[in-house]
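*Asks:* Here is my input; please provide its structure:
(one chain, ligands or ions: 1)
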Amino acid sequence: MAINQCELRPMGKSIHRKEDPRFIRGQGRYVDDIVLPDMLYMSIVRSPYAHAKITGINTDAAYQVPGVKLIITGEDLEKMKLAWIPTMAGDVQMVLATNKVLYQYQEVAAVVAETRAAAVDAAQLVEVEYEALPVVVDPFRALQPDAPVLRDDREKKSNHIWHWEAGDREKTEEIFQNAPVVVSQDVRFQRVHPSPLEPCGCIADYNKGTGRLTWYVTSQAPHAHRTVLAMVTGLPEHKIHVISPDVGGGFGNKVPVYPGYVCAIVASLKLGQPVKWIETRTENIASTGFARDYHMKAEIAADENGKVLGLRVKTIADHGAFDAAADPTKFPAGLFSIVTGSYDFQQAFVEVDGVYTNKAPGGVAYRCSFRVTEAAYLIERTMDVLARRLNMDPAELRLRNFIKKEQFPYQSPTGWTYDSGDYEQTFKLALEKIGYHELRKEQAEKRARGELMGIGISTFTEVVGAGPSHSFDIMGIKMFDSAEIRVHPTGKVIARLGVRHQGQGHETTFAQIIGEELGLSADDVLVEEGDTDTAPYGLGTYASRSTPTAGGAAALCARRIREKAKKIAAHLLEVGEEDVSWNGEAFEVKGLPSRKVTMGEVALAAYTNLPEGMEPGLEATYYYDPPNLTFPHGAYIAVVDIDTGTGAVKVRRFLAVDDCGNVINPMIVEGQVHGGLTEGFAIAFMQDIPFDEDGNCLAPNWMDYLVPTSLDSPHWETDRTVTPSPHHPIGAKGVGESPNVGSPAAFVNAVVDALSPFGVEHIDMPIFPWKVWEILRKNGVTE
Ligand code: CDP
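*Replies:* This is a model prediction of the structure:
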């Protein structure tokens, strides 16, 4: 049961989200709600070709449209040295195409006009002459020696971007040579898109008088964006003010810097007027950061009893035309090496090769801690393949191989130090709660009658909270996060954080953390994020990093305030500081609990009645550099029934037992899990962005790229175990990504389980009904 408010000790309580009243009543303030005086509108001209030379651009007709103020082309940007910009993954990308385009929907020109309609009309009149070039959409073809080289801007004359590996190749090889059982599975994680409800957009407002640029933008990482802009445009960083107002979903889509942003800024710099650019849905899906597109092969070496010994993984990562993900510098394939998952492998070796193709750029961490979703899907799928090879129940196989509770902190063969976990406990709770053994009996009976029912398991481990700054950076900026807290004289608080939520409920949960630490109610704490002029520097919200990083910063910042408050309390209580203790709600005299002062009383004294020589005020800032990442885990079980006539899969039950350490707000965590499961369900059954051989994007809208409605979505059952993170200040781990990371494997394992009597070992996502129907038809079940 959620509660409206609670007085003190708000941690762990299901307080209603403070932000919901404004969102539900349509009072949110998103970028497109902002209207500035003299504001202009921008529309982008995009390429219909996936690979073509540009032989001419004629803007004469477009300039005739009434209200058109400016048309920017790649040539204009070249003169400003802005035709190319760095990506957050160490690559460079075109802003507006100069001599050629590399993917369909690529940005070619930007038209600025007095109205949105005029900008759109004029954009259609920009005449671009193209000369088609051979297209490469298949990453394996792209690696062949005779494939056309797409990126002729690079010294390296091939489509290969980078090679990355983790683990020990030789020792893993040795294990494979001697292993009694080896299974191997090719698995594709298709190209999908975060597709947030609100597409990307911005308003660039350059004030010629002050020389300051105010940039309203749908940003998950406002500070990082400010720094990138300063580096790219040459504007001094203190003259850039980034404001990320309410953001309608991000899921990784609002981390990169997109060409439209740069064009709007250039237009505002040139015209001295605010310029708004808001994407259409098609522009969002077809040209902004996609996710996944991993072609993976996993091999597991095991003994006859099902004890896993070694894991070998080889992956081709299709990044499209530019590697425009936002990956930590040392990790071009993100944290993919978490692929050993929840299992105690002796050795593992993982290698990934990044490849260019004629597709939209990206590889963003869509609700995923940098490629962890791909890793979890691969290992959970391949464990099922092993179970089937050994003729062993997949639940039993997992129980035999879990890293044991006593092994934490656990050193993984690919270099991670898992902080804590009790995989067996979580899994056994899930098995019991869903009635696993009864379900298996039911399945056997149904199979005997020719009915198709499947049970799919996924017992995944995540790695979230980048990161310890010794290993993690984005474009050289070390990954930490921050909080600043100001306690006003009346005991009310404003807290500002370096992260930026997009619907995750930070205004509530961070108020709970700070309220708990300061003996205040969550209502007394106002949380503000997204304004670079006021918030301390932070790396933003993605990859479930907010709780592990800024959550830690918030708690430690509040404790810093408490240290000063204790001195003031001692002064008010007229005892020495050593005689004062904190009881969670007030400072009291040790041994005399009736003599106490609250934080409210201390706050007033901080401005009115201070100890001799003490600096007035009650404020603190904390930059928290976590000592390690956090490792949430979960046990998910899906039960599906298959219609033998149509191949349609019905998810009858889905149980998610998550462990994200100590929970700040159980209702919000449950909401995060429901949302992520719904996305995982869509990925498993509905979503894909395919291309034809000419590079035409075949799903650039919500008619072809399907988004589930509440009618499509299954009923979610949830539960929780709690294994606190030993190094996190409040013992919490991230949770936002877990359901998207863990669920696809449970769905696919369930469908494969249902179809296993026909010898089916794997089906690539999305599992459209026709794929199942095809299997049923081949096996004579249907016609
Ligand atoms: O970085 P992001 O906010 O997307 O992910 P997160 O850190 O996993 O947090 C998502 C939401 O769940 C936030 O409102 C967190 O404060 C909340 N949460 C929680 O209440 N307890 C946890 N142990 C983890 C997250």
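*Asks:* measure Ala142 to the ligand for me?
*Replies:* From Ala142 over to the ligand the distance is 33 Å, taken as Cβ to the nearest ligand atom, to the nearest Å. From N, CA and C alone the C-beta is placed, and that goes for glycine too.
*Asks:* Kindly report the same for Ala638.
*Replies:* 22 Å.
*Asks:* ditto for Gln411
*Replies:* 24 Å.
*Asks:* With adjacent residues omitted, what lies nearest to that residue?
*Replies:* Take Gln411 and drop its neighbours on the chain: the residue closest to it by Cβ to Cβ, 6 or more residues apart in numbering is Thr417, 5.8 Å away.
*Asks:* How about the contacts made by the one you found?
*Replies:* For Thr417, the set of contacting residues under the criterion of Cβ atoms under 8 Å, 6 or more residues apart in numbering consists of Pro409, Tyr410, Gln411, Asn628.
*Asks:* 6 Å instead, please
*Replies:* Pro409, Gln411, Asn628 (Cβ atoms under 6 Å, 6 or more residues apart in numbering).
*Asks:* Can you give me the pLDDT of Ala543?
*Replies:* With respect to pLDDT, Ala543 scores 88.
*Asks:* let's have the chain start at 338 instead
*Replies:* Will do, 338 is the new start, and the previous item becomes Ala880.
*Asks:* what's the helix or strand for it?
*Replies:* Ala880 is located outside every helix and strand, with elements delineated by DSSP states H and E.
*Asks:* Please identify the residue most distant from the middle of the protein.
*Replies:* Among residues of the chain, the one most distant from the C-alpha centroid is Glu911; the distance is 50.8 Å, by Cα atoms, centre = their mean.
*Asks:* So it versus the ligand, what's the distance?
*Replies:* For Glu911, the distance to the ligand equals 39 Å [Cβ to the nearest ligand atom].
*Asks:* Please tell me how far that residue sits from Trp919.
*Replies:* 18 Å (Cβ to Cβ, to the nearest Å).
*Asks:* Which residue comes closest to whichever residue of the stretch 538-687 of the chain sits closest to the ligand once chain neighbours are left out?
*Replies:* Per Cβ to the nearest ligand atom, Gly587 is where the stretch 538-687 of the chain lies closest to the ligand, at 8.3 Å. With Cβ to Cβ, 6+ apart as the measure, Gln839 is the residue that lies nearest to Gly587, at 3.8 Å, once sequence neighbours are left out.
*Asks:* now Lys742
*Replies:* Once flanking residues are discounted, Lys742 sits nearest to Asp759: 4.7 Å by Cβ to Cβ, 6+ apart.
*Asks:* Near that neighbour, how many residues? Count them for me, please.
*Replies:* The local packing of Asp759 (other Cβ atoms under 10 Å) involves 20 other residues.
*Asks:* from what I can see it touches Ile740, true?
*Replies:* No - using Cβ atoms under 6 Å, Asp759 makes no contact with Ile740, being 9.8 Å away.
*Asks:* Now the residue nearest to Lys829 when sequence neighbours are not counted: phi and psi?
*Replies:* If the residues on either side of it in the chain are set aside, Lys829 comes closest to Asp861, at 5.3 Å by Cβ to Cβ, 6+ apart. Note on Asp861: its backbone torsions stand at phi -80, psi 0 [degrees, to the nearest 10].
*Asks:* Distance of Asp861 relative to the ligand?
*Replies:* With the distance defined as Cβ to the nearest ligand atom, Asp861 ends up 18 Å from the ligand.
*Asks:* Three-state assignment for the nearest residue to Thr570 once chain neighbours are set aside, please.
*Replies:* With Cβ to Cβ, 6+ apart as the measure, Ile602 is the residue that lies nearest to Thr570, at 6.5 Å, once sequence neighbours are left out. Under the three-state scheme (DSSP: H, G, I helix; E, B strand; the rest coil), the conformation of Ile602 reads as helix.
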